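K.L.:
need a structure here:
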Amino acid sequence: MEAASAIIAVGLIVFLAHLFGAVFEKTRVPDVLPLVLLGLILGPMLHWVQPKDFGHVGQVFTTLALVIILFDCGLELDLGLLAKSFISAVKLGLSTFAITVGTTVWLGAQALGLTPVEGCILGSIAAASSPPIVIPILAKLSISEQTRTTLILESTICEVLGIVSTLAFINMAQQNELQPVAMVGHVISSFVLAAAVGVFAGVIWSSVLKYVRRVEDSIFCTPAFVCIVYGIAELFDWSGPVAALVFGLVLGNIRELKWLRELPKLPVEKVGLTHTEKTFFAALVFLFKSLFFVYVGISMQFNSQYLMIAAGVLTLWTIVVRLVVSRITLGTTLSVRDSSLVAIMVPKGLAAAVLASLVLESGVSNAASIREVAFGVILFSICTVSLLSFLIERGYLDGFFGYAFGSHRPATVGGAGADGELAATLAEGAVGTDAAIVEQPSAGSRSRLAETLKEPVVTEQPWADPEDKR
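P.N.:
Numbering: from 1, shown residues only. Predicted coordinates for the structure are as follows:
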């Protein structure tokens, strides 16, 4: 009977996820929020289910969700926008992380009586933004592709920094020893070597993919290979999320990487994913995303009202820090709408919850307080970011953010950054083309639409890829 109830629950969650998505289209409330609240009701409030009920399966599932979501995100990223966004993402991520950790040390000492090292542990967790939370929220919002790319990269950087820094500070608390040079070296090597694994895997897989497709039910081979790439990076203590993201980036832009033709002993023709495979991945991401957010809600644990208040204060403080950093680091050409979304996009996720649990297992003094505050920050940050993104999407905060970022910035560019600017140009008749092609470009092609329209326009059919004819 328990197995039957679990299967029914999974089915209901999937249907509710579709319902929440439809509600978003009407209200602009991100579907992430009701899914997390559903898990909160099932877990901490009603105690119908607890994280320990899932055992090791829960951890494996959340890792799979992270891998699939990041890989699919990499498929949709544009290589040209990535190059333009990389420096700003690094600058935004490092500044936000460093200031958040530094100020949390003082807040933790004043409110919770934490030592400086314990404050650094809490600050590292509070600064670790979650790509699996950021990516679905951005997918539902009107935002330019370059800003979207910047936020995805920045959240990935912050999550890896949070994991490495938290583990380093836990080790320092246990051994009273900190090796900053070794920690910085590990961070750099984790990023660079994981990215190299992703590039190598993307080139190899694109070379053999047309042969793999001859295997029966081969559509599952690419997700399986993504898991292998992630696992190899993690086995070498590098960043698995970075490897999965870069693997998707290479596979999604394989036809644009002309330098690959110069590599010896590799086929000249590289093969990307077909329309059918991309559709399958989109459905897979939806399923994992829906269950993932419910599991995040179930994982919350709260016992002290005072610590919950402290978590609420810390959450608001991280948003204030992000607003100040965004005001200083963002360029003046970014619209107020995009700038406001950058300023609030600091939700925490399951990685922060896992780190908080590791703190408790490490035996650090005040570990229980750190864990509970961290859980509160996760919940409040998701709720706050969802609420603020709804208000920004509705235009209710345009006045505040217009004042915060200065009146010299454009309020919006055609309603959606660079994409809106392109649509406005086409509406004026600058380029003659079919309006149906411009109204709803796919997520991966919007950033390249301007360049594409310089050439004769050909309406792409789902079966345009030769691999789809089969």
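
K.L.:
any stretches of the protein with poor pLDDT?
P.N.:
1-2, 28-29, 176-178, 258-272, 407-470 (pLDDT under 70).

K.L.:
domain ranges for it?
P.N.:
Using automatic domain parsing, the domain parsing of the chain gives 16-405, 417-468.

K.L.:
looking at those domains, which is buried most?
P.N.:
Of the domains of the chain, the one with the most neighbours on average (mean count of other CB atoms under 10 Å) is domain 16-405, at a mean of 19. Just so you know, the C-beta spots here come from the backbone N, C-alpha and C atoms, and that holds for glycine as well.

K.L.:
endpoints of it, how far apart?
P.N.:
End-to-end span of domain 16-405 (CA to CA, to the nearest Å): 38 Å.

K.L.:
report all helices and strands that the helix or strand in which S207 is found contacts.
P.N.:
Assigned by DSSP states H and E, S207 belongs to helix 180-212. Contact partners of helix 180-212 among helices and strands, from 3 or more CB pairs under 8 Å, 6 or more residues apart in numbering; DSSP states H and E: helix 145-175, helix 221-235, helix 240-252.

K.L.:
let me know the angle separating it from helix 240-252.
P.N.:
Angle, helix 180-212 to helix 240-252, by axes from the mean of the first three to the mean of the last three CA atoms, to 10 degrees: 40 degrees.

K.L.:
can you redo the domains of the chain as a markdown table with distance to A4?
P.N.:
Compiled in a markdown table, those are given as follows (distance: least, CB to CB, whole Å):
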| stretch | distance to A4 |
| --- | --- |
| domain 16-405 | 15 |
| domain 417-468 | 37 |
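
K.L.:
got a list of contacts for whichever strand or helix holds L355?
P.N.:
In this structure, L355 sits in helix 350-362 according to DSSP H and E. Surrounding helix 350-362, the residues in contact under the criterion CB atoms under 8 Å, 6 or more residues apart in numbering are 59, 62, 66, 121, 124-126, 128, 130, 132, 159, 162-163, 166-167, 170, 173-174, 292, 295-296, 299-300, 367-368, 370-371, 374-375, 377-378.

K.L.:
let me see the ranges of the strands in the stretch 251-400 of the chain.
P.N.:
Using DSSP state E, counting those that start in this stretch, no strands are found in the stretch 251-400 of the chain.

K.L.:
can you show me the helices along it?
P.N.:
Assigned by DSSP state H, counting those that start in this stretch, the helices in the stretch 251-400 of the chain fall at 275-298, 305-329, 336-344, 350-362, 367-394, 398-405.

K.L.:
quick one, which of the ones you listed is nearest to Q110?
P.N.:
The closest of the helices of the stretch 251-400 of the chain to Q110 is helix 305-329. By CB to CB, the value is 10.1 Å.

K.L.:
could you give the angle of that closest one to helix 336-344?
P.N.:
Between the axes of helix 305-329 and helix 336-344, defined by the same axes, to 10 degrees, the angle is 140 degrees.

K.L.:
now do helix 305-329: which elements does it pack against?
P.N.:
Taking 3+ CB pairs under 8 Å, 6+ apart as the contact cut, helix 305-329 packs with helix 79-112, helix 116-126, helix 336-344, helix 367-394, helix 398-405.

K.L.:
next, the angle from it to helix 79-112.
P.N.:
For helix 305-329 against helix 79-112, the angle by the same axes, to 10 degrees is 140 degrees.

K.L.:
from the chain's centre, how far out does helix 305-329 sit?
P.N.:
Relative to its parent chain, helix 305-329 has a centroid offset of 19 Å by CA atoms, centre = their mean, to the nearest Å.

K.L.:
not counting sequence-adjacent ones, nearest residue to the residue nearest the centre of the chain?
P.N.:
Centroid-nearest residue in the chain: P131, 1.8 Å away (criterion: CA atoms, centre = their mean). Excluding the flanking residues, the one nearest P131 by CB to CB, 6 or more residues apart in numbering is S155, at 4.6 Å.

K.L.:
closest to G102 out of the helices of the stretch 251-400 of the chain?
P.N.:
Evaluated with CB to CB, the helices of the stretch 251-400 of the chain place helix 305-329 nearest to G102, the distance being 9.4 Å.

K.L.:
CA atoms only: put the helix holding L355 into PDB for me.
P.N.:
Listed in PDB are the C-alpha atoms of helix 350-362, where the atom choice follows Å, rounded to 0.1, in the frame of the first residue of the first chain:
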ATOM      1  CA  LEU A 350      19.300  21.700  -2.100                       C
ATOM      2  CA  ALA A 351      23.100  22.200  -2.200                       C
ATOM      3  CA  ALA A 352      22.800  24.600   0.700                       C
ATOM      4  CA  ALA A 353      20.600  22.100   2.600                       C
ATOM      5  CA  VAL A 354      23.200  19.300   2.100                       C
ATOM      6  CA  LEU A 355      26.000  21.600   3.300                       C
ATOM      7  CA  ALA A 356      24.000  22.500   6.300                       C
ATOM      8  CA  SER A 357      23.500  18.900   7.100                       C
ATOM      9  CA  LEU A 358      27.300  18.300   6.700                       C
ATOM     10  CA  VAL A 359      27.900  21.000   9.300                       C
ATOM     11  CA  LEU A 360      25.800  19.100  11.800                       C
ATOM     12  CA  GLU A 361      27.600  15.900  11.100                       C
ATOM     13  CA  SER A 362      31.000  17.600  11.500                       C
END
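
K.L.:
so how far is that helix from its chain's centroid?
P.N.:
19 Å.

K.L.:
got it, and stretch 277-295?
P.N.:
Here stretch 277-295 is found 14 Å from its chain centre; the criterion is CA atoms, centre = their mean.

K.L.:
what would the helices and strands packed on helix 180-212 look like in CSV with distance to T318?
P.N.:
Output for these, formatted as CSV (distance: least, CB to CB, whole Å):
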stretch, distance to T318
helix 145-175, 11
helix 221-235, 27
helix 240-252, 21
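
K.L.:
please name the residues that touch the residue nearest to the centre of the chain.
P.N.:
Contacts of P131 by CB under 8 Å, 6+ apart are L66, I69, L70, C73, I152, S155, T156, E159, P241, L245, G349.

K.L.:
report the two of the residues you listed separated the most.
P.N.:
Greatest spacing in these, by CB to CB: L245 and G349 (15.2 Å).
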